[in-house]
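Peer 1: Got a predicted model here, sequence first, then my questions.
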Amino acid sequence: MTQNLEQQGLCAENLVVGYGDVPVLSGLSLTLPVGAFTAIVGPNGCGKSTLVRTLARTLRPREGRVLLDGRPLSAWRPKQLARELAFLPQDPVLPDGVTVRSLVGRGRHPYHSPLRQWVPGDDEAIERAMRLTGVAEYEDAALAELSGGQRQRAWIAMILAQETPHVLLDEPTSFLDIAHQIDILYLCRDMTAAGRSVVAVLHDLNQAARYADHLVVMRHGAVCAQGSPEDILGGGDAGADLVREVFDLSCEVARDPQSGTPMIVPLARAASDYGTVEG
């Protein structure tokens with residue numbers, strides 16, 4: 001893993017990003033903490049995926065810029081950037097006929113050259129990534145033959161094998177059952193414990209509050225709050241007010257009985273709140 005002596009992490013400055021003529025992010029600025037697990041949360045359509053794709057350089061901003069360790073992303077050569085930053089999109093393209101082991105091995109491509117298709121450490125990185133994500137038993141299976149959850153874990157194994165200091169994940173727990181969701185969230189924590197910076201788009205606010213070190217809360221293409229889960233959600237009525245404002249959900253903020261972190265408890269609705277369903 002490449003280490004910088006003065007690592008500054010990812011920073012967005014005055015981003016304006018959109019699709020066609022429709023702006024999604026407008027004037028967004030953000031500095032992500034180094035060596036932390038950051039969860040980006042917010043309602044559907046608020047710009048979470050657009051932000052993480054821009055941080056990964058798969059979307060180019062109309063205005064503003066993204067810096068990695070003090071350098072604009074535009075200044076990084078592709079292979080050089082791939083040794084520093086790994087990105088798993090929400091819907092990765094499924095290669096035809098590829099096996100799990102072959103897919104995970106693609107995470108090592110940034111370290112190869114046309115004349116050198118293997119470097120010391122490749123096999124160890126691949127084996128470790130498959131073991132940590134629980135896909136080693138499927139290593140010879142074609143990716144297309146696996147369940148959605150198994151495929152998702154294979155993609156995450158590829159990202160782990162890339163061994164970059166910065167990892168961006170767009171909805172990494174999609175398609176996973178609850179047990180494997182928790183496994184992936186612990187894996188994100190393990191990566192930060194090993195010195196990596198991890199940024200993940202998550203939908204489950206309670207999972208984000210329990211497992212992430214840092215929350216970025218988005219609404220309407222802007223960052224409306226950021227900080228530790230305790231700072232964002234744990235301050236008396238302020239956390240419940242934020243959830244109501246951002247997610248349009250009335251709730252109380254309690255304490256997770258296992259972790260002590262803030263936990264969102266939706267308020268019960270009266271039957272009249274739903275109206276009636278005509279059969």
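Peer 2: Cool, got the structure. Numbering: from 1, shown residues only.
Peer 1: So this structure: which segments form each domain?
Peer 2: Using automatic domain parsing, the domain ranges for the chain come out as 1-84+164-228, 92-163.
Peer 1: Rebuild those as JSON lines, extending it with mean pLDDT, distance to Arg244 and mean neighbour count.
Peer 2: (C-beta placed from N, C-alpha, C; glycine too.) As requested, the domains of the chain are exported to JSON lines (pLDDT from 0 to 100; distance: least, CB to CB, whole Å; neighbours: other CB atoms under 10 Å):
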{"stretch": "domain 1-84+164-228", "mean pLDDT": "92", "distance to Arg244": "12", "mean neighbour count": "18"}
{"stretch": "domain 92-163", "mean pLDDT": "91", "distance to Arg244": "32", "mean neighbour count": "17"}
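Peer 1: The stretch 1-150 of the chain: helices as residue ranges?
Peer 2: For the stretch 1-150 of the chain, the helices defined by DSSP state H, counting those that start in this stretch occupy 48-55, 78-82, 100-105, 122-133, 148-162.
Peer 1: So which elements touch the fourth one?
Peer 2: Yep, that's helix 122-133 we're talking about. Other helices and strands packing on helix 122-133, by 3 or more CB pairs under 8 Å, 6 or more residues apart in numbering; DSSP states H and E, are helix 100-105, helix 148-162, helix 178-193.
Peer 1: how far away is Asp237 from Val253?
Peer 2: Going from Asp237 to Val253 by CB to CB, to the nearest Å gives 8 Å.
Peer 1: Looking at the two now, which is surrounded by more residues?
Peer 2: Taking neighbours as other CB atoms under 10 Å, Asp237 and Val253 compare with Val253 leading, 20 against 10.
Peer 1: Chain neighbours aside, what residue packs nearest to the more buried one?
Peer 2: Gly239 (4.2 Å; CB to CB, 6 or more residues apart in numbering).
Peer 1: Test my guess that the one you found contacts Met263.
Peer 2: No - the pair Gly239 / Met263 is not scored as a contact, 10.0 Å apart, by CB atoms under 8 Å.
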